[in-house]
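# could you work out the structure for the sequence below:
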Amino acid sequence: MNTQEMKVLTLSGTPTMRGHTIGESLCDEIRLVVEKHEHAIGEGTGYCIEDYLREFSSHCNHIAAIEKWAPDHLEEVYATADAVNIDRNRFLLFQLIDEHWAFDAYHYAKRARIHNKCTSFGVVGEDGQPTFAGQNMDIPSYVEGHQILLHIQYPDSDLESLIYTFAGSISLCGMNNSPLGINLNTLMQLGYKNDGLPIVFLVRLLLETASYEQAVRLLNSAPISTGINVTVSEPGRVGAFECSPNKIVEYRPREDGRRVCHSNHPLVNGDTGHFEQLKQITPESKWIAGYASTCSRLASMSARTVNRQGPIKLDDLKAALRASDDPINPVCRGTSTDINSSVIAYTAGSMVYELSDNPQMNLASGPPTEAEFVTFGFAKKYLQQ
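You can find the predicted model right below:
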């Protein structure tokens, strides 16, 4: 998608008002993406969507955690579903992509594969540079042409968020004007909690915090549903946290903690017992391509960020996100990437956050080798309450 043509939705008011705005603005687009998503589920599982929803619901109870931890965001999801005239339960399942992958892996092992989703970084600025953070967001290619940016202005607060996602999904990743950045990498090896808080709702909650400390406290208290690395960043501070349903471990590739990067395999969190069992009953070939990709992408991003000498500038990070140091397993996976190399073989967006007194998001709504970066800012400055 041409970034200049990407829809930017400004949302304010109550959760119901936000949901209605999304649904009314993107009705046809949301219905199309939901249809593509459900078709992908059918191809992968052999189930029609009604049977899959019944099967998923018989094993999982994510709704209780959502109602407890993120009731406002559930209200927004339901309001969007109503505006688009889609069954609420089907639309809620549409939100739970990470949980759908984990459910398939742990209940239907023979069809399980590593889902390679994203390459991220965080860099504390040097020599007058701001702190940078960002990632390539790798998700199924059916979202192409439907990427959006949500600009949320919260009531009774100066807080604003910029959330990159696609039509109908409440979040993928983003930043707020406190300023705080949140980036994600799927770590399916770290298990699954079938009644945990789904990742998209966790992201929205994190982006409503106003500091690094608040975000980390939330990570340590929320019942996380499935393995994920969360990179948290603010001016002068970055951290990568490998989160599983059982524990959270910070990954520090440098002793000073001033640069981090990550891909899709755990580096310090050893909570992999379920995965070790899974590998014993799943053909080895299902995992080989995935491991090659995540290791190559981590090596490329490490060389260009964590291990790079001297200060790092914005253009250096854009180049890192475009990199194909390993042509078979590039950091940027564009339309020409071999789709057989990984389940997730498409970079649907790329971003670099500038975390400073003038925070902004540099965003390409597609592979950054094909889509241009455009800069997005906030309406006002956040004033600490």
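
# where do the helices of the stretch 101-250 of the chain begin and end?
Counting by DSSP state H, counting those that start in this stretch, the stretch 101-250 of the chain has helices at residues 199-206, 212-221.

# which of these sits most buried?
helix 199-206 (a mean of 24; mean count of other CB atoms under 10 Å). Glycine gets a C-beta too; all of them are placed from N, C-alpha and C.

# tell me the angle that one makes with helix 212-221.
Helix 199-206 and helix 212-221 are oriented at 140 degrees to each other (axes from the mean of the first three to the mean of the last three CA atoms, to 10 degrees).

# return the distance of helix 199-206 from the chain's centre.
On the basis of CA atoms, centre = their mean, to the nearest Å, helix 199-206 sits 9 Å off its chain's mean C-alpha point.

# now that helix: average pLDDT?
What helix 199-206 shows for mean pLDDT is 98.

# same question for stretch 303-322.
Mean predicted confidence for stretch 303-322 is 97.

# for that stretch, measure first residue to last.
14 Å (CA to CA, to the nearest Å).

# likewise stretch 152-172?
Its first and final residues considered, stretch 152-172 spans 14 Å by CA to CA.

# what residues sit buried inside it?
152-153, 158-172 (16 or more other CB atoms under 10 Å).

# go through these and flag which are in strands.
152-153, 160-166 (DSSP state E).

# how about the residue lying farthest from the centre of the chain: what's its closest non-neighbour residue?
The centre of the chain is farthest from one residue, D127, which by CA atoms, centre = their mean lies 30.1 Å away. Once flanking residues are discounted, D127 sits nearest to P311: 4.3 Å by CB to CB, 6 or more residues apart in numbering.

# can you check R252 too?
Computed as CB to CB, 6+ apart, the closest residue to R252 that is not its neighbour in sequence is V260, at 7.3 Å.

# residues contacting that neighbour?
121-122, 231, 238-240, 251-254, 306 (CB atoms under 8 Å, 6 or more residues apart in numbering).

# give me that answer again for 10 Å
120-124, 133, 183, 229, 231-233, 238-241, 250-254, 301-302, 305-306 (CB atoms under 10 Å, 6 or more residues apart in numbering).

# ok, what's across the strand from it?
Beta-bridge pairing for V260 (DSSP bridges): G122.

# sorry, back to before: you'd agree the residue nearest to D127 is up against E126?
Yes - counting by CB atoms under 10 Å, E126 is a contact partner of P311 at 4.0 Å.

# what about A222, how many neighbours?
20 (other CB atoms under 10 Å).

# how about low-confidence regions in the stretch 151-300 of the chain?
Across the stretch 151-300 of the chain, the ranges flagged by pLDDT under 70 are 273-290.

# returning to what we had before: TSV for the ones in strands among the buried residues of stretch 152-172, including distance to N85?
Below are those laid out as TSV (distance: CB to CB, whole Å):
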residue	distance to N85
I152	24
Q153	27
E160	30
S161	27
L162	28
I163	24
Y164	26
T165	21
F166	19
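
# looking at those residues, spot the one nearest L206.
Closest approach between those and L206, by CB to CB: S161, at 9.7 Å.

# check contacts around that closest one.
Counting by CB under 10 Å, 6+ apart, S161 touches 11, 150-154, 171, 174-178, 180, 182, 203-204, 206-208, 378.

# check T272 too.
T272 makes contacts with 187, 189-191, 227, 244, 265-266, 278-279, as judged by CB under 10 Å, 6+ apart.

# also S12?
Counting by CB under 10 Å, 6+ apart, S12 has contacts 18, 21, 151-155, 160.

# next one: L207 from C332, what distance?
Remark: distance between L207 and C332 (CB to CB, to the nearest Å) = 25 Å.

# what does H265 give?
In terms of CB to CB, H265 sits 19 Å off from C332.

# strands of the protein, start to end?
Counting by DSSP E, the strands of the chain are 7-11, 119-123, 131-138, 147-153, 160-166, 173-176, 180-186, 228-234, 237-243, 248-251, 259-262, 347-355, 360-364, 374-376.

# OK, contacts around T305?
T305 neighbours (CB under 10 Å, 6+ apart): 120-123, 132, 253, 259-261, 312, 316-317, 320.

# go with 8 Å
Taking CB under 8 Å, 6+ apart, we find T305 in contact with 121, 123, 259, 261, 312, 317, 320.

# low-confidence bits of the stretch 1-150 of the chain, can you list those?
Short version for the stretch 1-150 of the chain, where the test is pLDDT under 70: 108-116.

# my guess is F94 contacts V34, does it?
Yes - in terms of CB atoms under 8 Å, F94 counts as a neighbour of V34; the distance is 5.3 Å.

# which residues do those two both contact?
Common neighbours of F94 and V34 (criterion: CB under 8 Å, 6+ apart): G168.

# tally of neighbours for G270?
11.

# quick check: it vs Y78, distance?
Taken as CB to CB, the span from G270 to Y78 is 38 Å.

# same check on S178?
Per CB to CB, S178 is found 28 Å from Y78.

# more neighbours: these two, which one.
S178 (25 against 17).

# K247 is in contact with D271, correct?
Yes - at 5.6 Å, D271 counts as touching K247 under the criterion of CB under 8 Å.

# more crowded one of the two?
With neighbours defined as other CB under 10 Å, D271 and K247 compare such that D271 has more, 20 against 13.

# residue contacts, the more buried one?
Contacts of D271 (CB under 8 Å, 6+ apart): 190-191, 227, 244-247.

# may I ask which of the residues you listed has the most neighbours?
G227 (30 neighbours).

# thanks again, I'm all set now.
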